[in-house]
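Here is a sequence with its predicted model. Questions after.
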Amino acid sequence: MNPVRATYLSCAALIAMGILLTVSTNEVYSALMLLPAVAAAGVYSLSPQIMWWWWQRNPPDLPTELASLLDRFDLYRKLDVAGKREFRRRTFMIKEGTYLHGQAIDEFPEDVRIMVAASAATITYHRPEFLLEHFDTIIFYRHRFPTPLHEVLHSSELHTEDGAIIWTLNIFLRSVIEPRKYLHLGLYEYSRALFYTEPKLAEVMAETALTYSEIEAITQFSETALKEFIGLPELDLSALTNVLYHTHADNFAAAYPTRYEKLDELVQRKVVPI
């Protein structure tokens, strides 16, 4: 049982005991009623922090009906049973630590939150600290959007100053559901967030980055198509390359084995940039 629920039940039991004693003895057991009520109120106000502390020490698994969504992520499918369990627990933790906001979108179904969190879990799976704590805000639009940083209509953006990632909801979902047909925007922006967090890694990753012609040879995604899909004139080739490491691994390894092996060493932290 989680500590918040346990505290509520304990406080309720003490309050009930105080009421029973007051009724049966004609003496007012105010302390037995008031102190648990104050404790319960304090726990209620701090419940998010308490639950986060509890989850860090006892990370729960995802519900079975939601865990099946992870099969859309190549890394998850390749992991053994223990690895898959760890991936699900990390996905849960990232989901709980990420705040989703919508422009003209009131609520998000749980599967959307899972897709966001699993994207982050994929990119940071081999990282000692899998939480990218600075990037804890997701903003979804129903349509392509302009921002002060990019005034043109686009579908994906990393806002480093505010630690926010912005996506067009239906385009994001399409990219996660069909990553062989569309560039996986979840992996793309979380790759950029990782490189922002680890500048040394970004420098080394840049040395392995594919060119647009090489990307097209692996995926059939042309430079024009990629830029039109995201809606921006300049894209991050290192992040694109990192996405393809996850979504087109077989083609990548077959076409450019040396670079794939170097990237594999970096992603799996076999080599640590210094």
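Arrived safely, thanks for sending.

number of nearby residues for Glu151?
8 (other Cβ atoms under 10 Å). No exception for glycine: its C-beta is placed from N, CA and C like everyone else's.

how near is it to Gly163?
Applying Cβ to Cβ, to the nearest Å, the value for Glu151 to Gly163 is 21 Å.

And Arg88, by the same measure?
Taken as Cβ to Cβ, the span from Arg88 to Gly163 is 25 Å.

Looking at these two now, which is surrounded by more residues?
Arg88 (23 against 15).

Which SSE is immediately downstream of the strand or helix carrying that one?
Assigned by DSSP states H and E, Arg88 belongs to helix 81-96. Going down the chain from helix 81-96, the next helix or strand is strand 99-103, by DSSP H and E.

Can you list the helices and strands that that following strand packs against?
Applying 3 or more Cβ pairs under 8 Å, 6 or more residues apart in numbering; DSSP states H and E, we find strand 99-103 packed against helix 110-123, strand 137-141.

Lys181: neighbour count?
Neighbours around Lys181, by other Cβ under 10 Å: 11.

cool, and Thr124?
Counted by other Cβ under 10 Å, the residues lying close to Thr124 total 20.

surely it meets Ala118?
No: Thr124 lies out of contact with Ala118 (Cβ atoms under 8 Å); the separation is 11.1 Å.

Quick check: neighbours shared by the two?
Residues touching both Thr124 and Ala118 (Cβ atoms under 8 Å, 6 or more residues apart in numbering): none.

Quickly list the domain ranges of the chain.
Segmentation of the chain into domains, based on automatic domain parsing, reads 3-55, 60-267.

Need the per-residue pLDDT for Pro63.
Looking at Pro63, its pLDDT reads 76.

what's the closest non-adjacent residue to Thr137?
Ala164 (4.2 Å; Cβ to Cβ, 6 or more residues apart in numbering).

my read: Asp162 touches Thr137, true?
Yes: assessed by Cβ under 8 Å, Asp162 is found in contact with Thr137 at 6.8 Å.

which of these two has more neighbours?
Using other Cβ under 10 Å as the criterion, Asp162 and Thr137 rank with Thr137 on top: 15 against 11.

Who are the contact partners of the more buried one?
Thr98, Tyr99, His101, Asp162, Gly163, Ala164, Ile165.

got it, and Ser24?
No residues are in contact with Ser24 under the rule Cβ under 8 Å, 6+ apart.

can you pull out the helices in the stretch 101-250 of the chain?
Along the stretch 101-250 of the chain, counting by DSSP state H, counting those that start in this stretch, helices occupy 110-123, 169-177, 185-197, 199-208, 212-219, 223-230, 237-247, 249-255.

Quick one: closest of the ones you listed to Glu129.
With Cβ to Cβ as the measure, helix 185-197 is the member of the helices of the stretch 101-250 of the chain nearest Glu129 (9.3 Å).

Off-centre distance for that closest one?
Distance, stretch centre to chain centre, for helix 185-197: 11 Å (Cα atoms, centre = their mean, to the nearest Å).

Next, the buried residues of it.
Buried residues in helix 185-197, counting neighbours by 16 or more other Cβ atoms under 10 Å, are found at Leu185, Gly186, Leu187, Tyr188, Glu189, Tyr190, Ser191, Arg192, Ala193, Leu194, Phe195, Thr197.

Closest one of those residues to Tyr141?
Among the buried residues of helix 185-197, and counting by Cβ to Cβ, the member closest to Tyr141 is Leu185, at 12.6 Å.

quick one: low-confidence ranges for the protein?
By pLDDT under 70, the low-scoring segments of the chain are 1-6, 8, 14, 18, 29, 32-33, 36, 40, 43-59, 271-274.
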